[in-house]
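**Student:** I would like to see how this sequence folds:
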Amino acid sequence: MTITNSSCFEHIWVSTDDKKIAIEAEKYGARVHKRPPHYARDESSSIEAVMEFLEVHRTIHNFSLFQCTSVFLKENYIHEAVEKFQTHDCVFAVKRIHYLRWRMEDDKIVPVGFNAEARPRRQDWSGDLVEAGMFYFSKRKLAKKGIFQNEKCAVVEIAAEDGLEIDSYRDLTIARSIIKDEL
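**Tutor:** This is a model prediction of the structure:
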């Protein structure tokens, strides 16, 4: 409903291979794209599914992909993305994290993006922006190359608490707890 309530889109499509999902989508006014089984596997990527969709729907030049696993999507994020997409090739959701990152190099641990001898306090540091996976606004010309983003992108910074992705049963339990607590 959040996407519909934003009033930003001429058409809302749901790409699925599941009959129950298709029925539910149509009940709420979405158009259904029957996704072929090859693009509906657990290991299928989002860009592959979008490329297949655009191959079938050749008149679509700009698109927005919303991940159904992002349950804390807000209308204001959509409006901000739509506005930024007017002047950019792509827009995607990011969240800010304040973790000091490390990586292994030749059996040694080294800091990533900071000096261990001048270690910042996390609360004083601006942090890193990480892709949230909530949505991607992009153009056909990028998808044809197998990408959503290029150097002409803008981002919408979402609140960290809205960035929960439901990728496991544990994530689902956490999301349900948050929603229950908000009611």
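
**Student:** tell me the gap between the longest helix along the chain and the middle of its chain.
**Tutor:** Scanning the chain for the helix with the most residues, using DSSP state H, yields helix 169-182. With CA atoms, centre = their mean, to the nearest Å as the basis, helix 169-182 stands 19 Å off its chain's centre.

**Student:** try stretch 146-155
**Tutor:** Relative to its parent chain, stretch 146-155 has a centroid offset of 13 Å by CA atoms, centre = their mean.

**Student:** all strands of this structure, in order?
**Tutor:** 13-16, 31-34, 62-66, 90-97, 101-105, 108-112, 128-139, 153-158 (DSSP state E).

**Student:** list the buried residues of the longest one.
**Tutor:** If I follow you right, that is strand 128-139. For strand 128-139, the neighbour count (16 or more other CB atoms under 10 Å) marks 132-139 as buried. (C-beta placed from N, C-alpha, C; glycine too.)

**Student:** before we move on, what about the fourth one?
**Tutor:** Judged by neighbour count (16+ other CB under 10 Å), strand 90-97 contains these buried residues: 90-95.

**Student:** same deal with the last one?
**Tutor:** Neighbour-count burial for strand 153-158, counted by 16+ other CB under 10 Å, picks out 153-156, 158.

**Student:** the closest residue to Lys84 other than its chain neighbours bridge partners, please.
**Tutor:** Distances taken as CB to CB, 6 or more residues apart in numbering put Ala154 closest to Lys84, at 3.9 Å, once the chain neighbours are dropped. Per DSSP bridges, the residues bridged to Ala154 are Val91.
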